[in-house]
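A.B. asks: I would like to see how this sequence folds:
(2 chains)
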Number of protein chains: 2
Amino acid sequence: MSENFTPTIGIVQRTRKSPYFDATVRAGVKGFSVYNHMLMPIFYDSPQADYWHLINNVTMWDVAVERQVEITGPDAHTLVQYMTPRNLSKCKVGQCKYVPIIDENGGVLNDPVLLKLAENHYWLSLADSDILLYAKGLANGHGWDVEITEPDVSPLAIQGPNWLPVAQKLFGDWITKLRFFRFKEVELEGIPLIVARSGWSKQGGLELYLRDGQYGTKLWELVEAAGAEYGIKPATPSTIERIESGLLSYGNDMTIDENPYEVNLGKYCDLDQEADFIGKEALKKIVAKGITRAGVGLIIETDGEISNQEFWPILNDAGERVGKVTSAVYSPRLKKNIALAVVDSTYTAVDTQLKTETPTGQIYSVTVHKLPFI
Amino acid sequence: MSENFTPTIGIVQRTRKSPYFDATVRAGVKGFSVYNHMLMPIFYDSPQADYWHLINNVTMWDVAVERQVEITGPDAHTLVQYMTPRNLSKCKVGQCKYVPIIDENGGVLNDPVLLKLAENHYWLSLADSDILLYAKGLANGHGWDVEITEPDVSPLAIQGPNWLPVAQKLFGDWITKLRFFRFKEVELEGIPLIVARSGWSKQGGLELYLRDGQYGTKLWELVEAAGAEYGIKPATPSTIERIESGLLSYGNDMTIDENPYEVNLGKYCDLDQEADFIGKEALKKIVAKGITRAGVGLIIETDGEISNQEFWPILNDAGERVGKVTSAVYSPRLKKNIALAVVDSTYTAVDTQLKTETPTGQIYSVTVHKLPFI
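C.D. replies: Down below sits the predicted model:
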């Protein structure tokens, strides 16, 4: 496909504007995707300019597309535990946990961050799939006493090494004591929020879970104002930075066709825990049989700056397909083309040499690299 | 938002290219949306040019985004019946049925077309939500013996008054005997298909359910060639024609916040049937209490050619909110601005006068109109 092919995106109610949409348009957003049935900004100046500002300074992101599934009721904990192999028995109120959601076969359906707001009161902050419907189906079938809804909650992220002074200006000094993957309910000039130390980058920062969409513009402008002296800029989750950092994207680096072990999420699976969860027997069988694939990093040996729009097959010397490139990008810090991939276990050792083929038939040599890259 | 704001769409594996993607790019596609985690073409020349070609001649559409949920196994019929208030007890093999899918509260989750391929072998041809996950949750919870997958099936539609000669050229004269909302399994030059008399327009035509994505380009080219002498053109589901025709779009004209009765789908609900379905008690209570809203058509009294990107509130004379515009468009055949809406029952009589307010604060008078418009 020509590099000059820049199709536009259609906008209707179904594609849902976020509470920050108007603010992002004023801020100069130039591209969108759709994620959880909502418009997601994907770049402002350019992917590389936005990336450098994240790496060197501080950025603010409309990530309202991280929709929540809110689960309450006497069986809320039972339902939430049932959807994930992660052991939630010690999860505290005010804590976040990264939880792979799996199906009856152990296939990954989503990889949300769980927030425990209170006993039997949870949010699942979602990647791109309708876990609300999964939860509703399970609850009805198992006869669990729960309420399951998508609340009016829309995250705004502040990410980058200078996130802390911006946060202090917004919230005060208590924010310096908020531990990683913990959150707190606060009000900011009358705006109800949950503030969490989390975010889809390794550069540090917060996610502000706005709990009333009417304040979208107001919250955006407060963050913008607080960040002005630090040079805060609007940006988006950075494809470049998150691949360098080894952060997996559901729908790209893992799908329903992979189990958690095959995408390096085995450490989140407690098969010995007392609680029941869907897919427990399936995962036990999978582990007993042996894991045959795993996630790796790759250096892609080519000049220029690559990217991919779909899986690229990975081939061994005999030309057999042994894996797939899932997310590829040029890394300005490494000055190399890099990728995340899933390959057969035989080929996962660092420095293994393989090949990949692009949709236009180009063959590149690739070398297995440790994760994260940086 | 400025009319010159034409943001681009980002393409990654998560947004999944359809088997027809390359063919649509060659055919000149200019815009996409994302629907069921797949790229959906939304225009070629212009929405109005594509519309006239649908109305007057024949068009071909990449609607691969109508993903299927395939359900098989001894409890397949039980599960499928459980998800919808529609009575499926008399559904025949080879038949299509339009089936609202609802949750435990009677809220609409999707409005697929069901295809019965064999006893206990169904496809649900989806609107935009992950019913696969709903089905998996229900099946696991109820302990039903089923397999639930998303098969490699991708519909290509032929729609327009001249669909029949194109179809005869492709398939032969038997196609003239295929009844509306019936389907047949066929092979076209080695390409496995299900051919259905269906499609999201009132102009007539077929949907070719391609059962092996590697043949996407080949099938597209066969249809293009067969249609050449009839002037077939690539197009997309037409926002204009489908609103004129009163066809509802899930996520626009109905959401989880509406029950079937509130969007004129009560005729698909059999509350007296013997079979159990989720939400049966909820719908009985709703009907007993009385339906308080309904779907209507509106004429919007303004010059120019309108469209909407989100709900517009509908107000009565006292300025109270009494409904919402869901899908608005200029109708070239009626030479009027029209819309689909949901309004409180007090206001559903044809010729009722109301007002609507756009996001930029403009107030238009609106008049209730019968559905369909044409």
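A.B. asks: how many residues are close by residue A:39?
C.D. replies: A count of neighbours around residue A:39, defined by other Cβ atoms under 10 Å in any protein chain shown, yields 25. For glycine as for every other residue, the C-beta is placed from the backbone atoms N, C-alpha and C.
A.B. asks: should've said residue A:263
C.D. replies: Residue A:263: 22 neighbours (other Cβ under 10 Å).
A.B. asks: am I right that it is in contact with residue A:341?
C.D. replies: No. Using Cβ atoms under 8 Å, residue A:263 is not in contact with residue A:341, being 10.4 Å away.
A.B. asks: shared neighbours, these two?
C.D. replies: residue A:295 (Cβ atoms under 8 Å, 6 or more residues apart in numbering or on different chains).
A.B. asks: so what would you say the end-to-end distance of stretch A:253-267 is?
C.D. replies: 17 Å (Cα to Cα, to the nearest Å).
A.B. asks: helix, strand or coil for the residue in the stretch 101-250 of chain A positioned nearest to chain B?
C.D. replies: Taking Cβ to the nearest Cβ, chain B has its nearest neighbour within the stretch 101-250 of chain A at residue A:141, 1.4 Å off. Taking DSSP: H, G, I helix; E, B strand; the rest coil as the rule, one finds residue A:141 in the helix state.
A.B. asks: quick one: contacts for it?
C.D. replies: B:137-143.
A.B. asks: same question, residue A:349
C.D. replies: Contacts of residue A:349 (Cβ under 8 Å, 6+ apart): residue A:368.
A.B. asks: for it, pull up the helix or strand it's in.
C.D. replies: According to DSSP states H and E, residue A:349 maps onto no helix or strand at all.
A.B. asks: distance check, it against residue B:173.
C.D. replies: Distance, residue A:349 to residue B:173, using Cβ to Cβ, to the nearest Å: 62 Å.
A.B. asks: now do residue A:127
C.D. replies: 50 Å.
A.B. asks: on that earlier part again, out of the contacts of residue A:141, the closest to residue A:132 would be?
C.D. replies: Nearest to residue A:132 out of the contacts of residue A:141 is residue B:137 (Cβ to Cβ; 10.2 Å).
A.B. asks: on that earlier part again, confidence score at the residue of the stretch 101-250 of chain A closest to chain B?
C.D. replies: For residue A:141, the model assigns a pLDDT of 98.
A.B. asks: what does the stretch 51-200 of chain A have sitting close to chain B?
C.D. replies: A:103-104, A:109, A:128-131, A:133-143 (Cβ under 8 Å from any Cβ of the partner chain).
A.B. asks: list only buried entries from those.
C.D. replies: Listed as buried from these are A:103, A:109, A:128-131, A:133-142; burial here means 16 or more other Cβ atoms under 10 Å in any protein chain shown.
A.B. asks: in the residues you listed, find the pair that's most separated.
C.D. replies: A:128 and A:142 (25.4 Å).
A.B. asks: how far does stretch A:14-27 stretch from start to finish?
C.D. replies: 23 Å.
A.B. asks: ignore what I typed, I meant stretch A:327-344.
C.D. replies: Stretch A:327-344 has an end-to-end distance of 17 Å (Cα to Cα).
A.B. asks: is the most far-flung residue of chain A relative to its centre part of a helix or strand, or is it coil?
C.D. replies: Farthest-out residue of chain A from its mean C-alpha position, per Cα atoms, centre = their mean: residue A:318, at 35.3 Å. Here residue A:318 is recorded as coil under three-state DSSP.
A.B. asks: how far is stretch A:244-259 from where the chain is centred?
C.D. replies: 9 Å (Cα atoms, centre = their mean, to the nearest Å).
A.B. asks: meant to ask about stretch A:52-71, not that
C.D. replies: Per Cα atoms, centre = their mean, the centroid offset for stretch A:52-71 relative to its chain is 10 Å.
A.B. asks: chain neighbours aside, what residue packs nearest to the residue of the stretch 201-350 of chain A found nearest chain B?
C.D. replies: Among the residues of the stretch 201-350 of chain A, residue A:251 lies closest to chain B, at 3.2 Å counting by Cβ to the nearest Cβ. Nearest non-adjacent residue to residue A:251, counting by Cβ to Cβ, 6 or more residues apart in numbering or on different chains: residue B:14, 3.2 Å away.
A.B. asks: which SS class is that neighbour?
C.D. replies: Quick answer, by three-state DSSP: residue B:14 is helix.
A.B. asks: could you count how many residues lie near it?
C.D. replies: Quick note: residue B:14 (other Cβ under 10 Å) scores 24 neighbours.
A.B. asks: then residue A:187?
C.D. replies: That count, for residue A:187 with other Cβ under 10 Å as the rule, works out to 9.
A.B. asks: what about the strands in the stretch 151-300 of chain A?
C.D. replies: Secondary structure of the stretch 151-300 of chain A (DSSP state E, counting those that start in this stretch): strands at A:154-159, A:183-188, A:191-196, A:205-210, A:233-235, A:293-301.
A.B. asks: mean pLDDT added to these, as TSV?
C.D. replies: Formatted as TSV, these follow (pLDDT from 0 to 100):
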stretch	mean pLDDT
strand A:154-159	98
strand A:183-188	98
strand A:191-196	98
strand A:205-210	98
strand A:233-235	98
strand A:293-301	98
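A.B. asks: nearest to residue B:237, of the ones you listed?
C.D. replies: Using Cβ to Cβ, the nearest of the strands of the stretch 151-300 of chain A to residue B:237 is strand A:154-159, at 29.2 Å.
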